[in-house]
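> Any chance you could fold what I've pasted below:
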Amino acid sequence: MALQNLSIKDAMISIGALLKTDEEICAFCSDRFSKDYPKVMVGDMTRKDIPDIQDTPYIVVTDFKKQEGQNIEFCPYEFVIWVGVAREKSAVTVVEDVEMIDTYGDCADLMTLVEKVLNDPKKNNRPCSKINTIGPYPLDPSGQHWVGKMSVNKRIYQTLGTSYQEEL
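Okay, here's the model as predicted:
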C-alpha cells in the first residue's frame, strides 16, 4: 500500500521555480522594476538571510506544513508566501478619484499575480483550496519597502493501494 508522502524540499523548490520562471511574473518585474525576474527563496532562513529592499521584487515560500496518513482522504498542504516590492520614492497615484500609494498597488498586483499562477490549471496540478492574504503594508517608516503575506492551502486526494503520487 502506497501512502502519499510528498517531499517538503521538492515541493518548495517546485513552487519557487514555478513562480520565478513564470512569464507573467517576469514581465511584471521587468515592466515595473526593470528586473528580469523576482528573487525567490524557499524554506526558513536566519535573520541575516531575510530579503531586504535591495532584493526586491522578491517572493519567499516558507512555513510548509503537511498532513498525510492512511486515515486521511484528502491530504492538506499549507505554506506561506511573502512578496516584497520597493521604490526609492513612493508616490500617490489617483485612480477613479481615489488616492493610493503606488508601491502598495505594486505589491497588491504581485500578490494577485502569484495567486493567479498558483490557480492556473496549465501551470499547476491543483488549484488552491484556500488563500488568506494580509497586506500589503509598509515594512519601513519611509514607505519604500512594502510586503504582503499569503497563506496558501492545497489538498491532494490520497491514492491508497497504488504507486501514483500527485505533485502540488
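> my guess is Cys26 contacts Val40, does it?
No: if you go by Cβ atoms under 8 Å, Cys26 and Val40 don't touch, sitting 11.1 Å apart. (Glycine included, C-beta is placed from N, CA and C.)
> Neighbour count for those two, which is higher?
Comparing Cys26 with Val40 by other Cβ atoms under 10 Å, the one with more neighbours is Val40, at 21 against 16.
> who's that one bridged to?
Ile59 (DSSP bridges).
> Look up the closest residue to the residue nearest the centre of the chain, ignoring the ones flanking it.
For the chain, the residue sitting closest to the mean C-alpha position, by Cα atoms, centre = their mean, is Ile81 at 3.8 Å. Ranked by Cβ to Cβ, 6 or more residues apart in numbering and with sequence neighbours excluded, the top spatial neighbour of Ile81 is Met150, at 4.4 Å.
> again, but for Lys65
Lys65 sits nearest to Glu78 (Cβ to Cβ, 6+ apart), 4.4 Å away.
> So Val80 is in contact with Val147, correct?
No: contact status for Val80 versus Val147: not in contact, 11.7 Å apart, counting by Cβ under 8 Å.
> Which one's more surrounded, the two?
Higher neighbour count among Val80 and Val147: Val147, with 22 against 16, using other Cβ under 10 Å.
> residues contacting that one?
Taking Cβ atoms under 8 Å, 6 or more residues apart in numbering, we find Val147 in contact with Trp82, Val83, Gly84, Cys107, Gly135, Pro136, Tyr137, Leu139.
> Tell me if I am right that Pro76 is in a strand.
Yes: remark: Pro76 belongs to a strand, assigned using DSSP: H, G, I helix; E, B strand; the rest coil.
> ok so, going back, got a list of what the residue nearest to the centre of the chain touches?
Leu19, Ile59, Val60, Val61, Thr62, Val114, Lys149, Met150, Val152 are the contacts of Ile81 under Cβ under 8 Å, 6+ apart.
> what does Ile25 give?
Counting by Cβ under 8 Å, 6+ apart, Ile25 has contacts Leu19, Tyr37, Pro38, Ile59, Leu110, Leu113, Val114, Val117.
> Just give the closest residue to the second one, not the sequence neighbours.
Closest residue to Tyr37 in three dimensions, ignoring its sequence neighbours and counting by Cβ to Cβ, 6+ apart: Cys26, at 4.7 Å.
> which SS class is that neighbour?
helix.
> Kindly report the same for the one 3 residues further on.
Remark: Cys29 carries the secondary structure label helix [criterion: three-state DSSP].
> Look up how far Tyr104 lies from it.
Distance of Cys29 to Tyr104, given as Cβ to Cβ, to the nearest Å: 17 Å.
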